[in-house]
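Visitor: no letters, just coordinates:
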Ligand SMILES: *Cc1c(COP(=O)(O)O)cnc(C)c1O
């Protein structure tokens, strides 16, 4: 039986990447060492990290005046590092509140400065993105922070806010590399790797050079972007194995036609699942406004929540794993990141249609 893993994160990785990692596990390219055993300052490992950065830059067309940093601490650590580094003496920062991850970023930022929440989707239980022309932005804000894809609520921006001269900061943890972006519209992009890139333990930051170097007094060395940018992410030991796996994922993405090809498949996958939900005569329901529905994380409920247990048990028996919704939302959530093949979504849809017929 083929297993399809719909976990929100850590999440499914490309099968061929895991196979390659297995083949190279004990002896990387005839070095006699596992990547896990290599000195991060040795020539073998340095070549792995350099190649990963080069491929990432190529895939996202990252301009030369942006630094790529390989960090630890998760996206959650960026909730603090962003204000510590980017407030730069300004009075406050603008934040968009579209759900659970926005809220966490906002509450952490409040420890370091004033936060102006420019808009919130709270009035409709975070099921939509308020129109840009209603946002109450501060032209003097240090930066504008938003969450392009809310992993829990399943709300995704299909557009990029135009923040003008104010640097735009994006938590792309759950949709980085799933769609084409123009990096030069952003001041800083960050993402935990464990959803769309690689294993947990690696956090990627892409930051415009001129935003580095003006940290709040008292900022620890390790939380200063400058420390990492000046040392090619090797001030201390980087998460070497995670960077190696991420590098394999980047190589695979290049072989498969890059981000444009991924985006095309992601559109097809998400359309397939949303169509099944919308055609179920209310047996399944997705609460998110149609224009703001995520291509990555698709929450849905069953008409009768008493059937949830049965649904999950039967899905499991067919190899459709980790469909249980987030504890704060309930119901189901199918996370269909880059590494989820179209056949996985088709198998899920077939099962959902059968289940609905049986219980509808
Ligand atoms: C998962 C997630 C986080 C938290 O990531 P950690 O790496 O666990 O800190 C933050 N933001 C978004 C959008 C996420 O999906």
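Guide: Noted; the coordinates are in hand. It should be emphasised that the depicted structure is a prediction, and the values quoted were computed from it without experimental measurement.
Visitor: can we go C-alpha only for contacts and neighbour counts from here?
Guide: Fine.
Visitor: quickly list what the closest residue to the ligand within the stretch 251-360 of the chain is bridged to.
Guide: Proximity of the stretch 251-360 of the chain to the ligand (CA to the nearest ligand atom) peaks at residue 297, 9.5 Å away. Counting by DSSP bridges, residue 297 is bridged to residue 335.
Visitor: next up, the contacts around it.
Guide: 8, 151-152, 154, 333-337 (CA atoms under 8 Å, 6 or more residues apart in numbering).
Visitor: give me the buried positions along stretch 149-166.
Guide: 149-157, 163, 166 (16 or more other CA atoms under 10 Å).
Visitor: now the longest helix anywhere in the chain: average pLDDT?
Guide: The longest helix of the chain (DSSP state H) is helix 258-278. The average pLDDT for helix 258-278 rounds to 98.
Visitor: touching the helix or strand following that helix from outside, list them.
Guide: Toward the C-terminus, helix 258-278 is succeeded by strand 284-285 as the next helix or strand (DSSP states H and E). Contacts of strand 284-285 from elsewhere in the structure, counted by CA under 8 Å, 6+ apart, are 277-278, 300-303.
Visitor: please check these and keep the buried ones.
Guide: 277, 300-303.
Visitor: among the residues you listed, name the ones in helices.
Guide: Per DSSP H, the buried ones among the contacts of strand 284-285 map to helices at residue 277.
Visitor: got a markdown table for the buried ones among the contacts of strand 284-285, with distance to residue 354 too?
Guide: Converted to a markdown table, the buried ones among the contacts of strand 284-285 look like this (distance: CA to CA, whole Å):
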| residue | distance to residue 354 |
| --- | --- |
| 277 | 13 |
| 300 | 16 |
| 301 | 16 |
| 302 | 14 |
| 303 | 15 |
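Visitor: kindly identify which of the buried residues of stretch 149-166 also come near the ligand.
Guide: 150-151 (CA under 6 Å from any ligand atom).
Visitor: pick the one among the buried residues of stretch 149-166 closest to residue 35.
Guide: Residue 35 lies nearest to residue 151 out of the buried residues of stretch 149-166, by CA to CA, at 31.2 Å.
Visitor: now do the helices in this structure.
Guide: Under DSSP H, the chain gives helices at 15-24, 43-60, 74-86, 100-109, 225-229, 240-255, 258-278, 308-317, 342-359.
Visitor: helices or strands up against the last one?
Guide: Spelled out, that is helix 342-359. Packed against helix 342-359 by the contact rule (3 or more CA pairs under 8 Å, 6 or more residues apart in numbering; DSSP states H and E) you find helix 258-278, helix 308-317.
Visitor: who in the stretch 101-250 of the chain is up against the ligand?
Guide: 101, 150-151, 171, 173-174, 192.
Visitor: for those, pick the one with the most neighbours.
Guide: residue 192 (30 neighbours; other CA atoms under 10 Å).
Visitor: who touches that residue in this structure?
Guide: 74-75, 173-174, 200-204.
Visitor: quick one: contacts of the longest helix of the chain?
Guide: Here helix 258-278 has contacts from 59-60, 177-180, 253, 283-286, 294-296, 298, 300, 336-338, 342, 345-346, 349, 352-353, using CA under 8 Å, 6+ apart.
Visitor: and it, what's buried?
Guide: Buried, per 16+ other CA under 10 Å, within helix 258-278: 258-260, 262-263, 265-266, 269-270, 272-274, 276-277.
Visitor: dump those to JSON lines, plus distance to residue 38.
Guide: Shown next, in JSON lines, are these (distance: CA to CA, whole Å):
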{"residue": "258", "distance to residue 38": "29"}
{"residue": "259", "distance to residue 38": "31"}
{"residue": "260", "distance to residue 38": "34"}
{"residue": "262", "distance to residue 38": "32"}
{"residue": "263", "distance to residue 38": "35"}
{"residue": "265", "distance to residue 38": "36"}
{"residue": "266", "distance to residue 38": "36"}
{"residue": "269", "distance to residue 38": "39"}
{"residue": "270", "distance to residue 38": "40"}
{"residue": "272", "distance to residue 38": "44"}
{"residue": "273", "distance to residue 38": "43"}
{"residue": "274", "distance to residue 38": "45"}
{"residue": "276", "distance to residue 38": "48"}
{"residue": "277", "distance to residue 38": "48"}
